[in-house]
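Q: build me a model:
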Amino acid sequence: MLSSPYPVPPSPLWTVARAAAYMLLAAAGAVVIINPPTSYSHTGALLTFVWGGACALSGVAMAAGVLLRRYRWEWLPGWIAAMGLSVYSVLSWEAVARDGLGHAPRALIITALVGLILSRCIQLSLIDMSARRVVEMREAVRDDE
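A: Numbers count the residues shown, from 1 in each chain. Sure, this is the predicted structure:
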């Protein structure tokens, strides 16, 4: 199917690379929950669990979606992962403002990662809308017959 969000025919290298990246995101989230970074201790447990939990759970679901070729498993958790990483991005930019440009590379990398995940979610949304239109057109033709 040409509109598939996954390589057709399946690409093992693409699948492994994307699933591994999502599992690394999940691992990062788990580490944040188990051992919150001390530089963000002023944010409290709520932000730590929002940030870490969103990344840990959504990373696992996104990896499963890629491995099982279920784009909705990658799509919905992707929005949640972007939200969790946005918390980290804001905290990183706060550190830049507070402590100087030494924190800027981390802030830029995390912001770029949020952008990449959001762009993938937008791509999956567009593919989903296109597929829904095709189904609606087929059903309309079927109803007319």
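Q: most centrally placed residue in the chain?
A: residue 78 (3.2 Å; Cα atoms, centre = their mean).
Q: give me every residue that touches it.
A: Residue 78 makes contact with 58, 62, 117, 118, 120, 121, 124, according to Cβ atoms under 8 Å, 6 or more residues apart in numbering. C-beta coordinates here come from the backbone N, C-alpha and C atoms, glycine included.
Q: and of those residues, the nearest to residue 74?
A: residue 62 (4.8 Å; Cβ to Cβ).
Q: could you measure the nearest residue to that closest one once chain neighbours are set aside against residue 98, distance?
A: Sequence neighbours aside, residue 22 is the residue nearest to residue 62 in space, at 4.1 Å (criterion: Cβ to Cβ, 6 or more residues apart in numbering). Residue 22 sits 31 Å away from residue 98, going by Cβ to Cβ, to the nearest Å.
Q: so the two - more neighbours on which side?
A: residue 22 (26 against 8; other Cβ atoms under 10 Å).
Q: may I ask you to confirm that the more buried one is in contact with residue 56?
A: No - with contact defined as Cβ atoms under 8 Å, residue 22 does not reach residue 56; the gap is 10.9 Å.
Q: low-confidence ranges in this protein?
A: The model of the chain has pLDDT under 70 over residues 1-3, 145.
Q: redo that, cut-off 50
A: 1-2 (pLDDT under 50).
Q: now do the helices in it.
A: 12-34, 44-68, 71-99, 104-144 (DSSP state H).
Q: mind putting those into a markdown table with distance to residue 4?
A: As requested, the helices of the chain are arranged in a markdown table below (distance: least, Cβ to Cβ, whole Å):
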| stretch | distance to residue 4 |
| --- | --- |
| helix 12-34 | 12 |
| helix 44-68 | 12 |
| helix 71-99 | 8 |
| helix 104-144 | 8 |
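Q: ok, now which ones touch the residue nearest to residue 76 when sequence neighbours are not counted?
A: Spatial nearest neighbour of residue 76, excluding adjacent residues (Cβ to Cβ, 6+ apart): residue 61 at 7.8 Å. Neighbour list for residue 61: 73, 74, 76, 77 [criterion: Cβ under 8 Å, 6+ apart].
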